[in-house]
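Trainee: predicted model follows, preceded by the sequence.
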Amino acid sequence: MRLTRRTVLACAGAVALLALTGCAGGADDEAAAVPWTATGSLEHLAAEARCEPDLQTDADEIRQALCERGKERYVLATFATDRGQREWINTAKDYGGHYLVGRKWVAVGHEDVVAGLRAALGGTLERGASHGGHTGHTGH
């Protein structure tokens with residue numbers, strides 16, 4: 001039997017389909033284990049969070065806006081790269097705070113505010129350095 005390119009491609013497609021069909025139950029379990037997280041532009045994320053963004057920074061590397069929902073205030077930022085986002089978060093966390101982190105975006109605000117945003121945006125919660133236990137110079 002001579003295999004043609006068309007036959008090989010058809011067989012490869014059938015194998016892929018069978019593999020996906022055979023693993024359908026596992027795929028659902030894996031999808032359930034990975035939490036949903038919003039993606040998109042600053043404006044799209046703000047709309048998902050039901051906020052009218054007040055744009056503060058509009059640069060190639062970062063776009064940052066203040067958001068208010070009633071008395072709740074937070075900062076919403078989007079980044080051009082994953083690396084730029086992580087560097088920004090690592091630096092910002094030195095100052096404390098609470099962070100809701102998604103792919104190329106972050107929301108920063110009071111713990112209750114960012115925890116509440118998680119229902120609309122997904123993401124993971126991170127906490128900055130704690131400065132509450134600092135008592136100052138000991139005189140040694």
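Mentor: Thanks, I have the structure now.
Trainee: which element is residue 46 on?
Mentor: Element membership of residue 46, judged by DSSP states H and E, is helix 42-48.
Trainee: for that helix, give me every contacting residue.
Mentor: With CB atoms under 8 Å, 6 or more residues apart in numbering as the contact definition, helix 42-48 has outside contacts at 38, 40, 52-53, 55, 63-65, 67, 76-78, 102, 105, 120-121. No exception for glycine: its C-beta is placed from N, CA and C like everyone else's.
Trainee: most neighbours, which of those residues?
Mentor: The member of these surrounded by the most neighbours (other CB atoms under 10 Å) is residue 76, with 27 neighbours in all.
Trainee: residues contacting it?
Mentor: With CB under 8 Å, 6+ apart as the criterion, the residues that contact residue 76 are 42, 45-46, 49, 51, 53, 64-67, 105-107.
Trainee: next one: residue 63
Mentor: By CB under 8 Å, 6+ apart, residue 63 lies in contact with 41-42, 55, 57, 77-78.
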